[in-house]
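Peer 1: generate coordinates for the sequence data below:
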Amino acid sequence: MTSSVAHYILFATDGRIRQSGHCDRETLPKLATLFGEGYAVMEVTAADYRLDIDATSYVRDGAIVPKRPALEITEYTIQADGIEKVRFAVPAGTSVVHANAIVPIEDGIFEFTTDVRGDHRFPFIAAAGFHDFEVTIHAV
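Peer 2: The predicted structure follows:
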């Protein structure tokens, strides 16, 4: 007897989808154990399955939910005087990529000041329920 194929998503306890794919149904229970504690696997219908589901959705209370934008404003202008600053809130669990490192924003507030003129771009890795985003700060 041939096993049927199942579409699945593998997600972390925070709801972030880590992997999607398809396999035979008998393999499904074993998938989450390959990633260790803190991961679960969920079968999804063919209609809900997409290769980019991790970019568009997350899991909350056992349901696939669309991600939301994290910020409304993603462009700022400040004086390059080392004093004026940009300050805005980000969702809890967000990190910023700076100097080739991923830096968690532990207090939920991003702040930036500079004395270097030009455009400063910051990519952010948002919490599971939000789209990743980029902020550009024009220092004049």
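Peer 1: use CA for all of it now, contacts and neighbours both
Peer 2: OK.
Peer 1: tell me, how many neighbours does A139 end up with?
Peer 2: 21 (other Cα atoms under 10 Å).
Peer 1: swap in I73?
Peer 2: 9.
Peer 1: can you check A92 too?
Peer 2: Residues near A92, counting by other Cα under 10 Å, number 15.
Peer 1: how is it assigned, secondary-structure-wise?
Peer 2: At A92 the chain is in coil, as set by DSSP: H, G, I helix; E, B strand; the rest coil.
Peer 1: max-length helix in the chain?
Peer 2: helix 28-35 (DSSP state H).
Peer 1: need the helix or strand of this structure with the lowest average pLDDT.
Peer 2: Lowest by mean pLDDT, DSSP states H and E among the helices and strands of the chain is helix 28-35, with a mean of 82.
Peer 1: for that one, buried residues please.
Peer 2: Using 16 or more other Cα atoms under 10 Å as the test for burial, helix 28-35 gives 28, 31-32.
Peer 1: so what's H98 up against?
Peer 2: Contact partners of H98, counting by Cα atoms under 8 Å, 6 or more residues apart in numbering, are F122.
Peer 1: typo on my end, G108
Peer 2: Residues near G108 by Cα under 8 Å, 6+ apart: 89-94.
Peer 1: what about 6 Å?
Peer 2: 89-90, 92 (Cα atoms under 6 Å, 6 or more residues apart in numbering).
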